[in-house]
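1. Need coordinates for the below:
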Amino acid sequence: MAEPTRRDAASAPQPDLGGGSPVLTGASTMTNSSGSADGGGHPEVTGFRRRSRWRAILRQPGPVLGIVLLLIVVAVAVFAPVISGYDPTRNNLLESLEPPSRKHWMGTDLLGRDVFTRVAYGARVSLSVAVVVQLVSVIIGTTMGVLAGYFGGRLDDFISALTTIVQAFPGLLFAIAVMAVLGPSLYNVFIALALVSWPTVARLVRGETLALKEQLFVEGARASGAADTYILLRHVLPNCLGPIIVVSTLGLGSVVLSEATLSFLGLGIQPPMPSWGSMLAESRNRVMDAPWLMIFPGLAIFITVLAFNLLGDGLRDALDPKLRR
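-> A predicted model of the protein is given here:
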């Protein structure tokens, strides 16, 4: 009878001596395959999926139009001193209420200030408010939502009750009340709008965390002895980034509208600092004889909000796996 060769012995099934290796292998596989929303964990697969998502966004006319409009608004805001040689706060009564011309592309206001210059500098104010407010809202809302969804219990009850109380009031009325207490200023606009905006992010992240913590890769990481901090940072938060990016992008347009409303009511940016809302307020009595005072700031608000909404819709279509199906 022939003895088995070394190759036959190597290819024969080996007995399971420890009984635990399959479990560890499965947990490791689950952790690596789902630690990122891009899936796979392999750099080439992750990079390919990210590139395919960007290509999907760029193939749609809406997001492309939003990106182009947003780039124009940002360029005007950044290069305002170069594009326009006028001071946005300097009065020149000799050129009061001049219609649009080569000298003044969008005309002048009652005090002789160049409207285009004020619109351009107003873009700086609106974009800075939108970015800062959404950044603060994402930080607070993500922290609250992750803690409430992952740990649950009394902490979840407290955070959920807090978000319910804040959202029980209409957002704009709540912001107006905060501004009435703190007083009108740029920094108080940041505070008021951030207090209004964070519950939306918190509820979204809480729902995503409740679903993610029941997934097999989270259970596998917990069974392998991983700390809660590691699980949150490595597995939960990366899979929440897509929805957070989408809701933040869509929220930028809402913040621009809210800031313009507060400034229109005299509770936001104070003169002589240019703001689209305050410019609309100044044009109320000049609608018939100087319509450019109302048209151009209103058009700037419309274009900016439209750009954020189009970009947010495109990101949602690209990042939401249900919509991609």
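
2. Could you report the distance from residue 120 to residue 85?
-> 12 Å (C-beta to C-beta, to the nearest Å). From N, CA and C alone the C-beta is placed, and that goes for glycine too.

3. neighbour-wise, which of these two wins?
-> residue 120 (25 against 8; other C-beta atoms under 10 Å).

4. Can you name the helix or strand that that one falls in?
-> helix 115-151 (DSSP states H and E).

5. Now do the helix or strand following that helix: everything it contacts.
-> Using DSSP H and E, the helix or strand that follows helix 115-151 in sequence is helix 153-168. Outside helix 153-168, the residues that touch it by C-beta atoms under 8 Å, 6 or more residues apart in numbering are 144-145, 147-149, 174, 195-196, 198-200, 202-203, 206.

6. Apply 6 Å and report the result again.
-> For helix 153-168, the external contacting residues (C-beta atoms under 6 Å, 6 or more residues apart in numbering) are 144, 148, 199, 202-203.

7. Could you do stretch 191-200 as well?
-> 133, 136-137, 140-141, 163, 166-167, 171, 174-175, 178-179, 255, 258.

8. For the stretch 201-325 of the chain, which segments are assigned as helices?
-> With DSSP state H, counting those that start in this stretch, the ranges of helices along the stretch 201-325 of the chain come out as 216-223, 228-231, 237-264, 276-282, 292-319, 321-324.

9. that older thread, and which of the contacts of helix 153-168 is nearest residue 274?
-> Nearest to residue 274 among these: residue 199, at 30.9 Å, using C-beta to C-beta.

10. Show me what the mean pLDDT comes to for the helix or strand where that closest one lies.
-> Assigned by DSSP H and E, residue 199 falls within helix 186-212. For helix 186-212, mean pLDDT rounds to 94.

11. how much space between residue 196 and residue 163?
-> Counting by C-beta to C-beta, the gap from residue 196 to residue 163 is 12 Å.

12. Have a look at those two and say which one is more surrounded.
-> Just comparing residue 196 and residue 163: by other C-beta under 10 Å the higher neighbour count belongs to residue 196, 24 against 21.

13. gap between that one and residue 285?
-> 30 Å.

14. how much space between residue 205 and residue 159?
-> Applying C-beta to C-beta, the value for residue 205 to residue 159 is 11 Å.

15. What of residue 170?
-> Distance from residue 170 to residue 159, by C-beta to C-beta: 21 Å.

16. Equivalent analysis for residue 313, please.
-> Taking C-beta to C-beta, one finds residue 313 at 29 Å from residue 159.

17. okay, those two: which has more neighbours?
-> The neighbour comparison of residue 313 against residue 159 (other C-beta under 10 Å) goes to residue 159, with 21 against 18.

18. pLDDT value on the more buried one, please?
-> On the pLDDT scale, residue 159 gets 96.

19. For the nearest residue to residue 248 once chain neighbours are set aside, the count of nearby residues, please.
-> Using C-beta to C-beta, 6 or more residues apart in numbering and skipping the chain neighbours, the partner closest in space to residue 248 is residue 134 (5.1 Å). By the measure other C-beta under 10 Å, the count of residues near residue 134 is 25.

20. ok, residue 134 touching residue 250?
-> No: here residue 134 does not reach residue 250: they are 9.8 Å apart, not a contact under C-beta atoms under 6 Å.

21. Now do the helix holding residue 199 against helix 153-168, angle only.
-> 130 degrees (axes from the mean of the first three to the mean of the last three C-alpha atoms, to 10 degrees).

22. In helix 186-212, which residues are buried?
-> By 16 or more other C-beta atoms under 10 Å, the buried positions in helix 186-212 come out as 186, 188-206, 208-209, 212.

23. Repeat that for stretch 116-130.
-> Neighbour counts using 16+ other C-beta under 10 Å place 116-127, 129-130 of stretch 116-130 among the buried residues.

24. Columns pLDDT on top of those residues, output as CSV?
-> As requested, those are arranged in CSV below (pLDDT from 0 to 100):
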residue, pLDDT
116, 96
117, 95
118, 96
119, 96
120, 96
121, 96
122, 95
123, 96
124, 95
125, 94
126, 95
127, 96
129, 96
130, 96
